[in-house]
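1. need the 3D shape of this:
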Amino acid sequence: MTTSFDKEVDSIKAKRKVRKKRIPRYAEYFVKWKVLPTSEASWEKDESSWRCKDKIAKFEQEELARAMRTPPTLVGENVMDRV
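-> Model prediction:
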């Protein structure tokens with residue numbers, strides 16, 4: 001069995017925030033490992049991702065840039081009024 005400490009990070013694919021009762025909220029990152037197929041990617045807690053802080057920072061910057069390019073959604077508005 002290989003642990004995440006035995007693998008080298010290729011890239012960060014996604015982020016999710018985990019909320020559970022009586023446990024402080026935390027973030028997890030979906031990590032693609034070098035040499036392994038995408039099917040072997042795994043969710044890693046932010047505190048255990050100390051080895052890939054640079055890749056996480058790059059992912060966060062790309063996500064921010066992507067969010068800035070995405071047009072705002074029409075939440076709470078009657079979309080038919082805009083047609």
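
2. all helices of this protein, in order?
-> Along the chain, counting by DSSP state H, helices occupy 53-69.

3. can you tell me the centre-most residue of it?
-> Centroid-nearest residue in the chain: Lys15, 1.8 Å away (criterion: C-alpha atoms, centre = their mean).

4. thought that one was touching Ala27?
-> Yes: at 5.9 Å, Lys15 and Ala27 qualify as touching, with contact defined as C-beta atoms under 8 Å. Every residue, glycine included, has its C-beta placed from N, CA and C.

5. list the contacts of the nearest residue to Ser42 once chain neighbours are set aside.
-> In space, and not counting its chain neighbours, Ser42 is closest to Val31: 6.0 Å by C-beta to C-beta, 6 or more residues apart in numbering. For Val31, the contact set (C-beta atoms under 8 Å, 6 or more residues apart in numbering) comprises Ser4, Val9, Asp10, Ser11, Ile12, Lys13, Ala41, Ser42, Trp43, Glu44, Ser49, Cys52.

6. so where is the protein shaky, pLDDT-wise?
-> Scanning the chain with the threshold set as pLDDT under 70 gives 1-5, 70-83.

7. need the strands for it, in chain order.
-> Remark: strands assigned in the chain by DSSP state E are 9-20, 23-33, 42-45.

8. show residues contacting the first one.
-> Strand 9-20 has contacts (C-beta under 8 Å, 6+ apart) with 25-34, 41, 43, 51-52, 55-56, 58-60, 63.

9. buried ones in stretch 45-54?
-> Ser49, Cys52 (16 or more other C-beta atoms under 10 Å).

10. wait, stretch 31-44
-> When burial is assessed from 16+ other C-beta under 10 Å, stretch 31-44 yields the following buried residues: Val31, Lys32, Trp33, Ala41, Glu44.

11. widest-spaced pair of those?
-> Lys32 and Glu44 (10.9 Å; C-beta to C-beta).
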